[in-house]
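1. Need a 3D model of the following:
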Amino acid sequence: MRIMRIRLSIFLAVALLISSIMAGLPVIHAMDESAQPNEIIMVNPGFEEEVSEDGSIPGWTPNYTPVVDSVSHSISTEANSGSQSLNLFDNSNEGTVELVSDQYEVQPGNLYTLSAWINPNEPVGRVDGSVGGSIHLRFYDENRVEIEESRGEKDCNDNSVQGKFTQISTPNMMAPDNAKYVSAAVLITESWTGDTYFDDVMITYESPASEPEPTPTPESTPIPTPMASPTPPTTLTESTPSSGEITMINPGFEDAVGENGEIPGWTPNYTPIPNSVSHSVSTKQAKNGSQSLNLFDNSNTTGTVELVSDKYAVESGQIYTLSAWINPNVPAGWKAGSVGGSIQLRFYDESSKEITASRGVKHYSDTNAQGKFTQVYLENIKAPENAKYVSIALLITPVWTGDTYFDDLTLTYKSEVIVEPEEDLTEKVISSNGIKEIVSIPVPNAGFERNLNVDGTIQSWKAWGPSTDMLKYERSSQKAYTGKYSLKITDSLDTNHVVLESMPLAVKPGVEYTASAMMNIEDPNTTGATFLLRFFNAQNTQVGTDVLQHYKSPINEWYKAELKGLAPDGAKYAKILTLVNVANKAVVYYDDVMFTYERDLMNLDITAPEFAAHNQTFTVQLGATNASSLTGAELNLAFDTNALEFVEAAVHSDFSTTDNTTLSSNVNNGVLAIQVSKNGNEIVNGNVGIVNVKFKAKGDKGNTVLSLKAGSILKTVKNGAVESTTYPSDLRARITIMQYAEDVNHDGIVNLVDLLLVAKNVGVQLDSITKSYDLNNDGKIDAADVDLLLQALTTN
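-> As a prediction, this is how the structure comes out:
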């Protein structure tokens, strides 16, 4: 009794300790279903359903008049997911091509968002018009009349995304008070063109945010609840905008010339020669305004006449384009040499020393353009790695001549568009011990190395709120476990959270999954960061409880965070969440996110009875466990010919239910060689029997061994080709041969004990022990078995 009291005291103490620890941690509790992102179940949102005989697309209605070879729509095999998408074609910018979805019920006051994956391309025969496509969210009253001024719209005509699928989303739109229905429209608007694909259309909704509540204490920290919008508004975290124009001094040469002839913003870089080589601000010619710069050179041997602009700050890696309007003329006194002018971009390091190998140059000497202004471009010059400044040079080179005017210069920049190869998102085996293997389910952008989205958000990760100075998330190059980048979360408030979640990852109920990531907590005053795994059903509702770990240490070093969770019943996918929760503050980095599971490998299997009576025939099953796309086998079964006699081999019903299988067998020196295959690359999966082999026990009492020999082969179909797996070890089964089948208790004699055992178990279900009581092998213990035992007793 005293020991029990001690054990009870220890148990209560441990329980209180765990309770106090958990109360102090910002544990994320089960999600409130009412606050989850909700999705309207649409008809045919991915355009995978079969088109009707009349060409109609289930769930969608055309809202335009097709024009042959000009305006049309069709189902295409160019797809973001699945095998099909919707194609809208318009090479005329005079009308709209549009399909509208069925209407779905809505709740006034809820916030709705429409998203779609779009792939815009330039159409054949295009003459004019922007290339792209649009999506609309449209609300209707109870009479199904559209409610004016309630549309949510999103256009996509970004040249950088042509030829690839990109997800776009409308703003969050509140359903009007009289709204009863909503529809989605995909279209190419008037004045636009496109050979544009749409896929994976989705309408999500959420209840409007309630008034802020008092800040909860750590003991009652609520779960952060995601917003329904797939692409919430964010703040661009990079220091330089993705594109723009550099503000130059005096690009049109309209500023007053100084008393000494100096031109604001420009410096001569040559020695003037009267009546031969000179420059001036001229009012004779101008593209815009009243003035331009004139460079004069009537000698093609003297040298270069050149003016260089002030220096302007640049960012290495950015792409720069210079344009200028040039008007070349034959100079007075011209004798020889091409007539024209040139523009240059020159980059400098931090000490203002020119990086000469990086110059960009454009020469212009079109004889048909003499006497008129033409815009000349020096395009797509990349600032070198150590560039800090840039200047512009306007010149006539040594072997050229000209009475040439320059006007209205512009210098623009844009971020370099790196066309990324598509991620390989196929499952991969990362380790194996011959019995089990660990399989990696790819997490899109797991190392945060992919380019940012156009709006500056992190590719393939969804934020639950905007990035701000106090609640910030960003792709960072400050620290990385591998590669160049990681995810950095900076949470400076203990009244809110920063959460990013992965794309959905497919799972199967009953399988244990492992989520891991490398973490690095930077802030020494941190109150912790969290790593979390959640499972969801097909309706995007969380199933099961959160699997999570909260970390406060170590500080300033990389360590592996790891979670293991069993996918509950109904689970269809999982999401991995990286976060700093409410009531916590931290600066934390995440990198190399992984999602894995363990599976049994396909192996050979042999099943034989434990006992067999002298002169009795019995069946041995040869098969496979965890078969995957199994189509054939080459099996070698060794047996003792003194103890057993081979009778026949037949295809197991698991492996063939029709005449689609071939089987051959032969015995040589106590080894039964079997070859079996399915025709036409047909396959079976799971734990399956392949061949049933029938033997007759002919030896005396004792044990005998059947051995499925090393070198036996299982054949599978992979990517349309047959692959063979050879097994390196024997697989054995032992059979004990008895003198009499009626010796059901295996004591070597048949007597009343055996009779009583059979009689007592009449009607009992067969198991590993009682199966020997079924003397006639009809699958049950009944009076017929009792009669057989009585006959044996009488005979003996």
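
2. Domains in this protein, by residue range?
-> According to automatic domain parsing, the chain is divided into the following domains: 38-206, 244-414, 441-599, 603-739, 743-796.

3. Worst mean pLDDT among those?
-> Least confidently modelled of the domains of the chain is domain 743-796, at a mean of 86 by mean pLDDT.

4. number of nearby residues for residue 551?
-> Neighbour count of residue 551, defined by other C-beta atoms under 10 Å: 16. (Each C-beta comes from the backbone N, C-alpha and C, glycine too.)

5. repeat for the one 5 residues further on
-> Residue 556 sits with 11 neighbouring residues when counted by other C-beta under 10 Å.

6. next one: the longest strand seen in the chain to chain centre, how far?
-> Taking DSSP state E as the criterion, the chain has its longest strand at strand 617-638. Strand 617-638 has its C-alpha centroid displaced from the chain centroid by 38 Å (C-alpha atoms, centre = their mean, to the nearest Å).

7. Show me what it packs onto, helices and strands only.
-> Packed against strand 617-638 by the contact rule (3 or more C-beta pairs under 8 Å, 6 or more residues apart in numbering; DSSP states H and E) you find strand 586-600, strand 603-607, strand 671-678, strand 684-697, strand 702-708, strand 713-718.

8. Take those strands and lay them out in TSV including distance to residue 488.
-> Formatted as TSV, these follow (distance: least, C-beta to C-beta, whole Å):
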stretch	distance to residue 488
strand 586-600	5
strand 603-607	45
strand 671-678	54
strand 684-697	44
strand 702-708	56
strand 713-718	41
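
9. Let's have these in CSV, adding distance to residue 43 and mean neighbour count.
-> Shown next, in CSV, are these (distance: least, C-beta to C-beta, whole Å; neighbours: other C-beta atoms under 10 Å):
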stretch, distance to residue 43, mean neighbour count
strand 586-600, 31, 20
strand 603-607, 45, 17
strand 671-678, 38, 19
strand 684-697, 32, 19
strand 702-708, 52, 16
strand 713-718, 35, 17
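
10. Of all the domains of the chain, which one is nearest residue 425?
-> Nearest of the domains of the chain to residue 425, taken as C-beta to C-beta: domain 441-599 at 4.4 Å.

11. how far does the closest one stretch from start to finish?
-> This stretch, domain 441-599, spans 12 Å end to end (C-alpha to C-alpha, to the nearest Å).

12. same check, this time on stretch 414-434
-> 52 Å.

13. Assess the claim that residue 280 and residue 294 are in contact.
-> Yes - with contact defined as C-beta atoms under 8 Å, residue 280 reaches residue 294; the gap is 5.2 Å.

14. then the longest strand of the chain to PDB, C-alphas only?
-> In PDB, the C-alpha atoms belonging to strand 617-638 read as follows (Å, rounded to 0.1, in the frame of the first residue of the first chain):
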ATOM      1  CA  THR A 617      -1.000 -33.300 -50.200                       C
ATOM      2  CA  PHE A 618      -0.600 -29.700 -49.100                       C
ATOM      3  CA  THR A 619      -0.100 -26.300 -50.700                       C
ATOM      4  CA  VAL A 620       2.800 -23.800 -50.300                       C
ATOM      5  CA  GLN A 621       2.100 -20.200 -51.300                       C
ATOM      6  CA  LEU A 622       4.900 -18.200 -52.900                       C
ATOM      7  CA  GLY A 623       4.200 -14.500 -53.000                       C
ATOM      8  CA  ALA A 624       5.300 -10.900 -52.300                       C
ATOM      9  CA  THR A 625       4.700  -8.400 -49.500                       C
ATOM     10  CA  ASN A 626       4.300  -4.700 -50.200                       C
ATOM     11  CA  ALA A 627       4.300  -5.300 -54.000                       C
ATOM     12  CA  SER A 628       4.300  -2.200 -56.100                       C
ATOM     13  CA  SER A 629       3.400  -2.600 -59.800                       C
ATOM     14  CA  LEU A 630       4.300  -6.300 -59.700                       C
ATOM     15  CA  THR A 631       4.100  -8.000 -63.100                       C
ATOM     16  CA  GLY A 632       6.200 -11.200 -62.900                       C
ATOM     17  CA  ALA A 633       8.600 -13.400 -61.000                       C
ATOM     18  CA  GLU A 634      11.400 -15.900 -61.400                       C
ATOM     19  CA  LEU A 635      11.400 -18.100 -58.300                       C
ATOM     20  CA  ASN A 636      13.600 -21.000 -57.300                       C
ATOM     21  CA  LEU A 637      12.200 -23.200 -54.500                       C
ATOM     22  CA  ALA A 638      14.500 -25.900 -53.100                       C
END
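
15. Give me the sheet partners of it and which way each runs.
-> According to DSSP bridges, strand 617-638 forms sheet pairs with strand 603-607 (antiparallel), strand 671-678 (antiparallel), strand 684-697 (antiparallel), strand 702-708 (antiparallel), strand 713-718 (antiparallel).

16. And the nearest residue to residue 695 once chain neighbours are set aside, how far from residue 583?
-> If the residues on either side of it in the chain are set aside, residue 695 comes closest to residue 644, at 4.6 Å by C-beta to C-beta, 6 or more residues apart in numbering. Per C-beta to C-beta, to the nearest Å, residue 644 is found 72 Å from residue 583.

17. from memory residue 175 sits against residue 105, does it?
-> No - with contact defined as C-beta under 8 Å, residue 175 does not reach residue 105; the gap is 10.2 Å.

18. So which of these two has more stuff around it?
-> Neighbour count, other C-beta under 10 Å: between residue 175 and residue 105, residue 175 has more, with 21 against 9.

19. just to revisit the earlier point, how many neighbours does the residue nearest to residue 695 have?
-> 21.

20. What of residue 727?
-> Residue 727: 18 surrounding residues under other C-beta under 10 Å.

21. Equivalent analysis for residue 555, please.
-> A count of neighbours around residue 555, defined by other C-beta under 10 Å, yields 12.

22. in the sheet, who's paired with it?
-> Bridge pairing for residue 555 - DSSP bridges - gives residue 521.

23. picking up where we left off before, now the common contact residues for residue 175 and residue 105.
-> Counting by C-beta atoms under 8 Å, 6 or more residues apart in numbering, the contacts common to residue 175 and residue 105 are residue 182.

24. Now for residue 358: which residues touch it?
-> Contacts of residue 358 by C-beta under 8 Å, 6+ apart are 346-347, 381, 383-384, 387.

25. Let's see which of the residues you listed end up in strands.
-> Applying DSSP E to the contacts of residue 358, the entries found in strands are 346-347, 381.

26. hang on, the earlier thing: which one of the helices and strands packed on strand 617-638 lies nearest to residue 539?
-> Across the helices and strands packed on strand 617-638, the minimum distance to residue 539, taken as C-beta to C-beta, is reached by strand 586-600, at 21.5 Å.

27. quick one: the closest one to strand 617-638, angle?
-> 110 degrees (axes from the mean of the first three to the mean of the last three C-alpha atoms, to 10 degrees).

28. can you list contacts of stretch 569-577?
-> By C-beta under 8 Å, 6+ apart, stretch 569-577 touches 443, 499-510, 513, 515, 517, 530-538, 543-544, 565, 567, 593, 595.

29. Write the ChimeraX selection for whichever of those are buried.
-> Listed next is the ChimeraX selection for buried residues among the contacts of stretch 569-577, using 16 or more other C-beta atoms under 10 Å:
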select :443,499,500,501,502,503,505,507,513,515,517,530,531,532,533,534,535,536,537,543,544,565,567,593,595
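
30. quick one, what contacts residue 706?
-> 606, 608, 620, 637-639, 644, 732-735.

31. ok, now residue 90?
-> 70-71, 97, 123, 188, 192-194.

32. Separate out the buried members of those residues.
-> Buried, going by 16+ other C-beta under 10 Å: 70-71, 97, 123, 188, 192-194, out of these.

33. Same list (those) but as CSV, adding distance to residue 339 and secondary structure.
-> Converted to CSV, the buried ones among the contacts of residue 90 look like this (distance: C-beta to C-beta, whole Å; DSSP: H, G, I helix; E, B strand; the rest coil):
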residue, distance to residue 339, secondary structure
70, 45, coil
71, 48, strand
97, 49, strand
123, 41, coil
188, 46, strand
192, 42, strand
193, 40, strand
194, 43, strand
